[in-house]
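> What follows is a predicted structure for the sequence shown.
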Amino acid sequence: MSPFPTRISRTQHLPARIAGQFARQIQQGELKPGDRLPTENAMATNFGVSRTVIREAIAQLRNEGMIETRQGVGAFVIDRPTRHIRLDDGGQMEGHDFRDLFQLRVPLEIEAAGLAATYHRPEHLVQMDAALLRMTATGEDPEDGILADLDFHRTIAAATGNDYFVQFLGAVSDRILQTIVASRARIRLDEIVAIVNDEHVALREAIAARDPTRARGAMRAHMAGSAARIALRLEFYS
C-alpha cells in the first residue's frame with residue numbers, strides 16, 4: 001500500500017485536507033504507532049504542494065495528538081487515547097468568530113505559561129530555542145515563521161504537563177493559523193519579526209527562570225501585542 005493518501009484538489013483547503021487524509025489512515029490502522037510519515041519533500045512532490053503546506057498539515061496532526069515530530073528525524077505516529085478536539089476546518093474565519101476564538105485562546109495561553117514555568121523540563125527549553133531560531137529566519141520562508149511561532153506555543157502547552165492544554169490550544173491555534181495564513185497579505189511580517197521575537201524571548205526567559213508570575217505577565221503582554229497586530233480589540237486584565 002502506498003504511504004500517501006490520494007492526491008487532493010487545489011480548490012480544497014490544502015493543509016486540512018492532507019492532515020485529514022493521514023488522520024483517516026491512522027484511525028483505520030493503515031498507519032500504526034511508531035510508523036514514520038514520508039519526508040516533507042516526498043509529500044510535497046506527491047501532493048503537488050509546497051513544503052509550507054506540508055508543514056501546516058503536520059502541525060495540525062501533531063496538535064490533534066496523532067503524531068510527534070523529532071528534530072532531524074521526522075514525524076511518527078504515536079499511540080494516544082482517542083480524545084482529540086477538532087474545530088471546524090473550513091479555512092479562513094471572519095469577524096466575530098475569529099475574535100471569539102482568539103479571546104478563548106488568551107486565558108489558556110496565560111495559564112499555560114505559568115504552569116510551564118513550574119513544570120517544564122530541559123527538553124522543553126531546547127524545543128523553544130529551536131522554534132526561536134526558525135522564527136529569526138522568517139525572511140526566507142514567512143509561513144514557516146508562523147509555524148515556528150505555533151511550535152513555540154505548543155511547547156509551552158506541553159511543558160504544563162497537562163495534555164488537555166496541548167489539545168485545546170492545539171485545536172484553537174490551528175484554526176487561528178489557517179486564518180492568519182489566509183490573510184497574510186494584510187500582515188507585514190517583515191516589520192514585526194523583531195518585536196515578536198523579543199516577546200517570545202521574554203517568555204522563554206521567564207519560563208526558564210521558573211517564575212510563574214513573570215511568565216504569565218510575559219504571555220499576557222504577548223497576547224495583547226498579537227491582538228493589536230491583527231487589529232483585534234480585546235480587554236486584557238491583570
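In hand now; what should we look at?

> For the rest of this, base every contact and every neighbour count on C-alpha atoms.
Noted.

> so Ala75, which of the three states?
strand (DSSP: H, G, I helix; E, B strand; the rest coil).

> neighbours of the residue lying closest to it once chain neighbours are set aside, just the number please.
Excluding the flanking residues, the one nearest Ala75 by Cα to Cα, 6 or more residues apart in numbering is Thr69, at 4.3 Å. Neighbours of Thr69 under the rule other Cα atoms under 10 Å: 16.

> I figured Thr69 hits Ile78, correct?
No - counting by Cα atoms under 8 Å, Thr69 stays clear of Ile78, with 9.9 Å between them.

> Now find how far off-centre the helix or strand hosting Gln21 is within its chain.
Under the criterion of DSSP states H and E, Gln21 resides in helix 14-27. Distance of helix 14-27 from its chain centroid, counting by Cα atoms, centre = their mean, to the nearest Å, is 16 Å.

> what's the residue nearest to the spatial centre of the chain in contact with, if anything?
Nearest residue to the geometric centre of the chain (Cα atoms, centre = their mean): Leu150, 3.2 Å. Contacts for Leu150 (Cα atoms under 8 Å, 6 or more residues apart in numbering) come out as Ser173.

> any idea which element it lies in?
Counting by DSSP H and E, Leu150 is part of helix 142-159.

> send the alpha carbons of that helix over as PDB?
C-alpha atoms of helix 142-159 as PDB (Å, rounded to 0.1, in the frame of the first residue of the first chain):
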ATOM      1  CA  PRO A 142       7.400  33.700   6.200                       C
ATOM      2  CA  GLU A 143       4.900  31.000   6.600                       C
ATOM      3  CA  ASP A 144       7.400  28.700   8.300                       C
ATOM      4  CA  GLY A 145       7.900  31.600  10.700                       C
ATOM      5  CA  ILE A 146       4.200  31.400  11.600                       C
ATOM      6  CA  LEU A 147       4.500  27.600  12.100                       C
ATOM      7  CA  ALA A 148       7.600  28.000  14.200                       C
ATOM      8  CA  ASP A 149       5.600  30.500  16.300                       C
ATOM      9  CA  LEU A 150       2.900  27.900  16.900                       C
ATOM     10  CA  ASP A 151       5.500  25.300  17.700                       C
ATOM     11  CA  PHE A 152       6.900  27.600  20.400                       C
ATOM     12  CA  HIS A 153       3.400  27.900  21.900                       C
ATOM     13  CA  ARG A 154       2.700  24.200  21.600                       C
ATOM     14  CA  THR A 155       5.900  23.500  23.500                       C
ATOM     15  CA  ILE A 156       4.700  25.800  26.300                       C
ATOM     16  CA  ALA A 157       1.400  23.800  26.400                       C
ATOM     17  CA  ALA A 158       3.300  20.500  26.500                       C
ATOM     18  CA  ALA A 159       5.500  21.900  29.300                       C
END
